[in-house]
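*Asks:* sequence and predicted model, in that order:
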Amino acid sequence: MGRTVMSRKIAGVMIAVLALGACDSWLGENKPPPLPGKRISVLSREKMVEPDIGGPLAKIILPPPEENDDWPQAGGYSNHAMHHLVVGDALQRLWKSDAGTGAGKRRKLLGQPIIAEGRVFTVDASSMVSAFDASTGKRLWSVDLTPKDTSEVYTSGGLAYEDGQIFAATGFAQVVAVDARSGRIDWRQGVSGPLRGAPTVRGGRVFAVTVDNQTHALAAEDGSVLWTHSGLTETTGLLAGNSPAVDGNMVIVPYSSGEVFALRVENG
């Protein structure tokens, strides 16, 4: 019992000493003088967005709405900017067609339909690309992009169109070019990993981003590799992917690591 009382007394003395030491800090005593120099906030570049009330931008002026006959890529056009489009007052369904295999437990349907040359092009959850008449919905052709040396099912990314060709990003780590009129496969090009987002094509170049955060720039004519760019590799990633945006001589690439790069179209 005596030892217990003594231990409690020692503990009480230690707590009192620590409390007195803390009081010096709380009361502002014994603090060293601040270092000389100008203080600059590390967040000086952060700015809050404030409304321009009554300023020159207070009135929103839109250009006249325009009709678009095509939707050739996942983002509309290669720069993902469709601007001010017109749509009818009363939307109604004109036709309905079977586009192939839907999403399931082992496969997901990620690719968006695109429209070009008066045709609607789709890719299903089994990497089957189909073309339909945009006016009637009649199926014109279909082609399976699954390589002959595999029986596995992988989720494909999507489609893009330019100059009579359909470019498909597939889960087989391939970009495939298909003739838009006949469905004939023109070429295949292997890349560093599976693709979950649609490719973007502009000016004879095809840009595709793989799940391992690598951008591949390919020649639309024959699929040859023009250049590649790598971001940070993630151990986990998103099932879906984004398409690069291309405008002028710049390609904007988003990676699942949170990085966004602006790359030169010519050399990456």
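*Replies:* Sure thing, it's come through.

*Asks:* tell me where the model's unsure across this structure.
*Replies:* Applying pLDDT under 70 to the chain flags residues 1-29, 41-47, 55-58, 151, 153, 235-240.

*Asks:* so which residues of it form helices?
*Replies:* 2-26 (DSSP state H).

*Asks:* so who does the residue nearest to D124 when sequence neighbours are not counted touch?
*Replies:* Nearest non-adjacent residue to D124, counting by Cβ to Cβ, 6 or more residues apart in numbering: G100, 3.0 Å away. Heads up, the C-betas are built off the backbone N, CA and C, glycines and all. Residues in contact with G100, defined by Cβ atoms under 8 Å, 6 or more residues apart in numbering, are 122, 124-126, 128, 130, 142.

*Asks:* next, the buried residues of stretch 118-134.
*Replies:* Buried residues in stretch 118-134, counted by 16 or more other Cβ atoms under 10 Å: 119-132, 134.

*Asks:* nearest to V211, of these?
*Replies:* Within the buried residues of stretch 118-134, the smallest distance to V211 is 15.7 Å, found for S127 (Cβ to Cβ).

*Asks:* confirm for me that that closest one is in contact with V178.
*Replies:* No. Between S127 and V178 there is no contact under Cβ atoms under 8 Å: 11.5 Å.

*Asks:* overlap of the contact sets of those two?
*Replies:* Shared contacts of S127 and V178, counting by Cβ under 8 Å, 6+ apart, come down to 145, 168.

*Asks:* hang on, the earlier thing: from R107, how far out is the residue nearest to D124?
*Replies:* Distance, G100 to R107, using Cβ to Cβ, to the nearest Å: 11 Å.

*Asks:* swap in N30?
*Replies:* In terms of Cβ to Cβ, N30 sits 68 Å off from R107.

*Asks:* which ones among the contacts of G100 are found in strands?
*Replies:* Among the contacts of G100, the ones falling in strands (DSSP state E) are 122, 128, 130, 142.

*Asks:* farthest pair in these?
*Replies:* So, the ones in strands among the contacts of G100 by Cβ to Cβ: farthest apart are T122 and S142, at 9.4 Å.

*Asks:* joint contacts of those two?
*Replies:* With Cβ under 8 Å, 6+ apart, T122 and S142 have common neighbours 100, 129-130.

*Asks:* over to the residue nearest to D212 when sequence neighbours are not counted: give its phi and psi.
*Replies:* Using Cβ to Cβ, 6+ apart and skipping residues adjacent in sequence, the residue nearest D212 is G193, 4.2 Å away. The phi/psi pair for G193 (degrees, to the nearest 10) reads phi -170, psi 170.

*Asks:* for S224, what are its contacts?
*Replies:* Counting by Cβ under 8 Å, 6+ apart, S224 has contacts 189, 218.

*Asks:* can you offset everything so residue one is 3?
*Replies:* Sure, I'll start counting at 3 from here, so that last one is S226.

*Asks:* how close does it get to G159?
*Replies:* Counting by Cβ to Cβ, the gap from S226 to G159 is 20 Å.

*Asks:* P74 too?
*Replies:* P74 is 16 Å from G159, by Cβ to Cβ.

*Asks:* so between the two, which is more surrounded?
*Replies:* A count of neighbours by other Cβ atoms under 10 Å puts G159 above the other of P74 and G159, at 28 against 21.

*Asks:* give me the nearest residue to the more buried one, chain neighbours excluded.
*Replies:* Per Cβ to Cβ, 6+ apart, closest to G159 is A171, 3.6 Å.

*Asks:* touching, the one you found and P201? I think so.
*Replies:* Yes. If you go by Cβ under 8 Å, A171 and P201 touch, sitting 4.6 Å apart.

*Asks:* between those two, what contacts are shared?
*Replies:* 159-161, 177, 210.

*Asks:* with distance to T230 added, can I get the residues you listed in JSON lines?
*Replies:* Below are these laid out as JSON lines (distance: Cβ to Cβ, whole Å):
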{"residue": "G159", "distance to T230": "17"}
{"residue": "G160", "distance to T230": "20"}
{"residue": "L161", "distance to T230": "22"}
{"residue": "V177", "distance to T230": "12"}
{"residue": "A210", "distance to T230": "10"}
